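> Pasted the sequence and its predicted model underneath.
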Amino acid sequence: MIASRRLISNCLPFYSFGMERDSKGLAIVIKSTKIRERDRLLTLFSPSLGIVNAVSYGARKSIKGIKAPLYTEGTFSLEKGRGGMTLKDIDVISTHDALLEDLDSAQSAMLFSDLILTARSSEPELYALYTAALDALESESFEKVSVEFLVHFLSLEGISGDYTTCPICGKDYDKAEILGFSSSEGVPVCHDCDTMNGALLLPPNARAYLKRSLELDFQDSLDLHVSEEQEHRIFRYLLRTLPFSFPGKLRSLEYGIWRI
Ligand SMILES: [Zn+2]
């Protein structure tokens, strides 16, 4: 039995699975940190186990090393020992190699991982979104995938904007209305409720695109057609509003390669 699917605190080095000695389940390596010369501490994101830390021992005389690079998805077999969980085996589904070959795709994947780990969310719906977004990064533009990931992530977290009605005054937006932004609420608002002096404006066509994205599931939203320039503007808008919308510090953006 799994007591809870949520990680209670990042301070806990290992997740407890009750009395079970071994665990096996679908998971993806969402973070990988080098510890000692040949070993790594893997943070696994699993729809059934939540967020789990496990040590992956590098090859040495007595142990056969198992490689599990960042973003490897598969069925992970973990063994519970005195020091915590150890990776025993993986049945690999995807290694997402292509993500690390392109700087922008790698930065997108880093942002997605950062959002999930900072939000400390591990619901199965989020796992489906995260892995689908990593898959999509291998073939679609990083800006399109990032826009749709952010729209759906914020929606799952319950902090998405409302593109029909102003959440402050309750007024329905006009078709041609340009929205402002509320820095305290972290969402777009009508012109009268704007607190940013027009610094974060959302034009009607971009608003219609975000509204339509929210109505579709992630996979279908990738089929929405929009020009590259428009995609770029919406991408920049979401990245600029993210620090107001998301209540956590995002190191991936702060120290990342994108200048927003
Ligand atoms: Zn308003």
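That came in fine, so what should we check first? Being a predicted model, the structure only gives us computed values, none of them experimental. Numbering: from 1, shown residues only.

> how far is stretch 30-43 from where the chain is centred?
20 Å (CA atoms, centre = their mean, to the nearest Å).

> What ranges in this structure fall below the confidence cut-off?
1-20 (pLDDT under 70).

> try 90
1-23, 36-38, 49, 57-67, 81-84, 100, 121, 259-260 (pLDDT under 90).

> looking at it, which residue lies furthest from center?
Most distant from the centre of the chain: Lys61, at 37.7 Å, with distances by CA atoms, centre = their mean.

> Let me see the contact set for the nearest residue to Pro124 once chain neighbours are set aside.
The shortest distance from Pro124 to any non-neighbouring residue, by CB to CB, 6 or more residues apart in numbering, is to Pro47 (3.9 Å). To be clear about C-beta, it is placed using only N, CA and C from the backbone, and glycine gets the same treatment. Contact analysis of Pro47 by CB atoms under 8 Å, 6 or more residues apart in numbering lists 25-26, 122, 124, 127-128.

> Which residue would you name as the spatial centre of the chain?
Note: the chain centre (CA atoms, centre = their mean) maps to Phe112, 2.8 Å.

> What helix or strand is whichever residue of the stretch 1-150 of the chain sits closest to the ion located in?
Of all residues in the stretch 1-150 of the chain, Leu150 sits closest to the ion, at 22.9 Å by CB to the ion. Element membership for Leu150 (DSSP states H and E) is helix 142-156.

> List the buried residues in the helix or strand just after that helix.
The helix or strand immediately downstream of helix 142-156 is strand 180-182, counting by DSSP H and E. For strand 180-182, burial by neighbour count (16 or more other CB atoms under 10 Å) applies to 180-182.

> cool, stretch 44-60 as well?
Those would be 44-47, 49-57, for stretch 44-60 by 16+ other CB under 10 Å.

> Need the residues you listed in a markdown table (columns: secondary structure and distance to the ion).
Output for the buried residues of stretch 44-60, formatted as a markdown table (DSSP: H, G, I helix; E, B strand; the rest coil; distance: CB to the ion, whole Å):
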| residue | secondary structure | distance to the ion |
| --- | --- | --- |
| Leu44 | strand | 43 |
| Phe45 | strand | 38 |
| Ser46 | strand | 41 |
| Pro47 | coil | 38 |
| Leu49 | coil | 43 |
| Gly50 | strand | 38 |
| Ile51 | strand | 38 |
| Val52 | strand | 43 |
| Asn53 | strand | 44 |
| Ala54 | strand | 48 |
| Val55 | strand | 52 |
| Ser56 | strand | 51 |
| Tyr57 | coil | 57 |
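
> Helix or strand for the closest residue to Gly25 other than its chain neighbours, just tell me which one.
Nearest residue to Gly25 in three dimensions, chain neighbours excluded: Ser48, at 4.6 Å (CB to CB, 6+ apart). Per DSSP H and E, Ser48 falls between elements, in no helix or strand.

> how about the residues of this structure near the ion?
With CB under 5 Å from the ion as the criterion, the chain meets the ion at residues 166, 168-169, 189-190, 193.

> Can you give me the neighbour number for the residue lying closest to Trp258 once chain neighbours are set aside?
Leaving aside its sequence neighbours, Trp258 sits nearest to Gln107 (CB to CB, 6+ apart; 6.2 Å). For Gln107, the count of nearby residues is 18 (other CB atoms under 10 Å).

> hmm, back to that, for the residue nearest to the centre of the chain, give me phi and psi.
Backbone torsions for Phe112, taken as degrees, to the nearest 10, come to phi -60, psi -50.

> for Asp39, same thing?
Taking degrees, to the nearest 10 as the convention, Asp39 sits at phi -110, psi 160.

> can you check Met85 too?
According to degrees, to the nearest 10, Met85 has phi -90, psi 150.

> Can you tell me the closest non-neighbouring residue to Glu63?
Not Glu; residue 63 is Ile. Tyr57 (5.2 Å).

> Touching, that neighbour and Gly83? I think so.
No. The pair Tyr57 / Gly83 is not scored as a contact, 11.1 Å apart, by CB atoms under 8 Å.

> What are the boundaries of the helices in the stretch 1-150 of the chain?
Per DSSP state H, counting those that start in this stretch, the stretch 1-150 of the chain carries helices over the ranges 103-119, 124-137, 142-156.

> Good, wrapping up.
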